[in-house]
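J.: below are the sequence and a predicted model; questions follow.
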Amino acid sequence: MPTFNYKAVSDKGESTTGTIDAPDRKAVQSRLLARKLRATEITIKGAASSAAVASARDSASISFDGPQKKTAVKAGASRYAPTSKILEPEEFKGEKHALAFLKKLHQLHGGGMPLGDSIRLLSVRVQDPRQSSIAARLWKDISEGRTLANAMRGYPKSFDSSMTHLIEAGEGTGNLVPVLENLINHLEERAELQKKIMGGLAYPIFICTLAFGVVLLFLFFLLPQIRKMMASMGGQLNFMTTILIGMSESAVKYGPFVMIFLAIFAAVIANWRQKPEGRAKTDAWLLRLPMLKRIFLNSDICRISNLCATLMESGLNTTETLRMTEKSIKNVVVQSRFSAARTLINDGASFSNAFRHYHVLPELDLDMLAVGENTGNIGKSFREIYRIHSRELSAQFQLMTVVISSSALGFAFLLVAVLVLSIVSSVLQMAKSINGHH
């Protein structure tokens, strides 16, 4: 039976080292967990010295000069590429870089490399400066005895609380690889949802902008040209053209004041929305809008179901799962319903009964949750609810895209048609007048 050297951290943050005879690394992790220790590095005793040399060589490629200034220095063997300038924590923004880092970490750690060695290797091998900086800082914290979850909490713009809780749960059970898989899947699905939302809005915004441009061209260029042309030819403007010119002049005269008023109104609403009562009122209004209410509701249902599925499948307890999920809900009306249901669930009620009482989910979803509770696989039920509402959200965005785009194009087409009709009728009227004089 092989002998393993280990480095571990206690619940109080105290570092310890030692050796254990065990058949494999998982057995070592299990024995350490029984002693309430979390392993940060496990190596076979025969390879300990070479691993230490490699660790020192790789760590030398990262030098931390003081609390703020960090520089990358080329070290040791040429097979390790030098690290780029290590970025400050506030430069780590968004989940995109965190997702890429977690994927690489999963590849190394899932392949059997110890967690500490995986992060250390990423700090010197990854070319992207953000991912390399994240790995370098995490490796420094871990080498000083902190757990990965605690180290990640220092970078909240990249690793939010739901991520760190999942990592902490995986470290606590000594089974981090499936937790990383669930977390990566969750982040990819959330990124895909955001992509659907932005993709659904991009085309209508483009069409509306195009239609607005046509209106401006019509009001500020075409109509004045028509007026000059008719005046130079001695023709009379017909009734329709006169109305259009009057609208154009009104838009030029009063348009800036209207735009200023709308900007002030939008600023007042945005400021009011920052207050709790304003946020509650506006979120309630959003849930009453004819077409948009289903989009906003389905977006939050997707967040609830996806995060609940991920947290439960990763082994997090119900209390922490519900607490983390509540923080992710955007609409405060839905959030208040979920909070009330969470209290009932913590008091012993089932998910389906609590969510039904406070109208958190539709009836069909509640039936699926009830089935999951009866079979003991509620995480799978949440996953299926997410798939259903994700597809429904995509369909709603497609419908909204068609309606808005068609309306904008129809308005622009109508405006052009009225303009052409006005020009033709004015020209015909002028020709008729000229023939009458002859």
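T.: Nice, I can see it.
J.: so what does the longest helix along the chain touch, helix or strand wise?
T.: In the chain, taking DSSP state H as the definition, the longest helix is helix 378-437. Helices and strands touching helix 378-437, by 3 or more Cβ pairs under 8 Å, 6 or more residues apart in numbering; DSSP states H and E, are helix 176-217, helix 223-233, helix 239-273, helix 292-313, helix 363-375. For every residue, glycine as well, the C-beta is placed using N, CA and C.
J.: that helix to helix 239-273, inter-axis angle?
T.: Relative orientation of helix 378-437 and helix 239-273, computed by axes from the mean of the first three to the mean of the last three Cα atoms, to 10 degrees: 150 degrees.
J.: for this structure, what helix or strand is lowest in average pLDDT?
T.: In the chain, the helix or strand scored least confidently by mean pLDDT, DSSP states H and E is strand 69-72, which has a mean of 37.
J.: in contact with the closest residue to residue 415 other than its chain neighbours, which residues?
T.: Of all residues not flanking residue 415 in the chain, residue 218 sits nearest, at 5.8 Å (Cβ to Cβ, 6 or more residues apart in numbering). Counting by Cβ atoms under 8 Å, 6 or more residues apart in numbering, residue 218 touches 248, 415-416, 419.
J.: top of those by neighbour count?
T.: Greatest neighbour count in these, by other Cβ atoms under 10 Å, goes to residue 248: 21 neighbours.
J.: so that residue sits against residue 225, correct?
T.: No. Between residue 248 and residue 225 there is no contact under Cβ atoms under 8 Å: 11.2 Å.
J.: count of residues packed around residue 374?
T.: So residue 374, with other Cβ under 10 Å, has 12 neighbours.
J.: now do residue 413
T.: Residue 413 is flanked by 12 other residues according to other Cβ under 10 Å.
J.: over to residue 210?
T.: Quick note: residue 210 (other Cβ under 10 Å) scores 14 neighbours.
J.: thought it was touching residue 411?
T.: No. Contact criterion Cβ under 8 Å: residue 210 and residue 411 do not qualify, at 10.7 Å.
J.: report the contact partners of the nearest residue to residue 112 once chain neighbours are set aside.
T.: With Cβ to Cβ, 6+ apart as the criterion, residue 112 has its nearest non-adjacent residue at 7.5 Å, and that residue is residue 25. Residues in contact with residue 25 (Cβ under 8 Å, 6+ apart) are 4, 42, 112, 114.
J.: helix/strand/coil for the first one?
T.: The three-state label for residue 4, taken from DSSP: H, G, I helix; E, B strand; the rest coil, comes out as strand.
J.: show me what contacts it?
T.: By Cβ under 8 Å, 6+ apart, the contact list for residue 4 reads 19-22, 25, 28, 42-45.
J.: give me that answer again for 6 Å
T.: Residue 4 makes contact with 20, 28, 42, 44, according to Cβ atoms under 6 Å, 6 or more residues apart in numbering.
J.: what separates it from residue 24, distance-wise?
T.: Distance, residue 4 to residue 24, by Cβ to Cβ, to the nearest Å: 9 Å.
J.: repeat for residue 105
T.: 21 Å.
J.: against residue 9, how distant is the residue nearest to residue 112?
T.: According to Cβ to Cβ, residue 25 and residue 9 sit 17 Å apart.
J.: for residue 288, same thing?
T.: Remark: distance between residue 288 and residue 9 (Cβ to Cβ) = 52 Å.
J.: which of those two has more residues huddled nearby?
T.: Set residue 288 next to residue 9 and count neighbours by other Cβ under 10 Å: residue 9 wins out with 21 against 8.
J.: once you drop chain neighbours, what's closest to residue 3?
T.: residue 45 is the one closest to residue 3 (Cβ to Cβ, 6+ apart), at 4.1 Å.
J.: so that neighbour touches residue 5, yeah?
T.: Yes. The criterion here is Cβ atoms under 6 Å, and residue 45 meets it with residue 5 at 5.4 Å.
J.: same drill for these two, tell me which one is more crowded.
T.: Taking neighbours as other Cβ under 10 Å, residue 45 and residue 5 compare with residue 5 leading, 20 against 13.
J.: how about the more buried one: which residues does it bridge to?
T.: Note on residue 5: beta-bridge partners by DSSP bridges are residue 19, residue 43.
J.: so it sits right up against residue 43, yeah?
T.: Yes. The criterion here is Cβ under 6 Å, and residue 5 meets it with residue 43 at 5.1 Å.
J.: find residues that contact each of these two.
T.: By Cβ under 6 Å, 6+ apart, residue 5 and residue 43 have no common neighbours.
J.: contacting residues for residue 301?
T.: Counting by Cβ under 6 Å, 6+ apart, residue 301 touches residue 389.
J.: same question, residue 39
T.: 6, 8, 29, 32.
J.: quickly find the element holding it.
T.: For residue 39, the host element (DSSP states H and E) is strand 37-44.
J.: can you check residue 155 too?
T.: According to DSSP H and E, residue 155 maps onto no helix or strand at all.
J.: which stretch among the helices and strands packed on helix 378-437 is buried most, on average?
T.: Here the criterion is mean neighbour count by mean count of other Cβ atoms under 10 Å, and of the helices and strands packed on helix 378-437 the winner is helix 292-313, at a mean of 22.
J.: state the mean pLDDT of that one.
T.: Mean per-residue pLDDT for helix 292-313: 86.
J.: stretch 357-371 now?
T.: 92.
J.: what's the end-to-end length of that stretch?
T.: Terminal residues of stretch 357-371 are spaced 17 Å apart (Cα to Cα, to the nearest Å).
J.: now what about that stretch, what contacts it?
T.: The contact list for stretch 357-371 (Cβ under 6 Å, 6+ apart) reads 337-338, 340-341, 351-352, 355-356, 381, 384-385.
J.: buried subset of these?
T.: With burial judged by 16 or more other Cβ atoms under 10 Å, the buried subset of the contacts of stretch 357-371 is 337-338, 341, 351-352, 355-356, 381, 384-385.
J.: many thanks, I have nothing further to ask.
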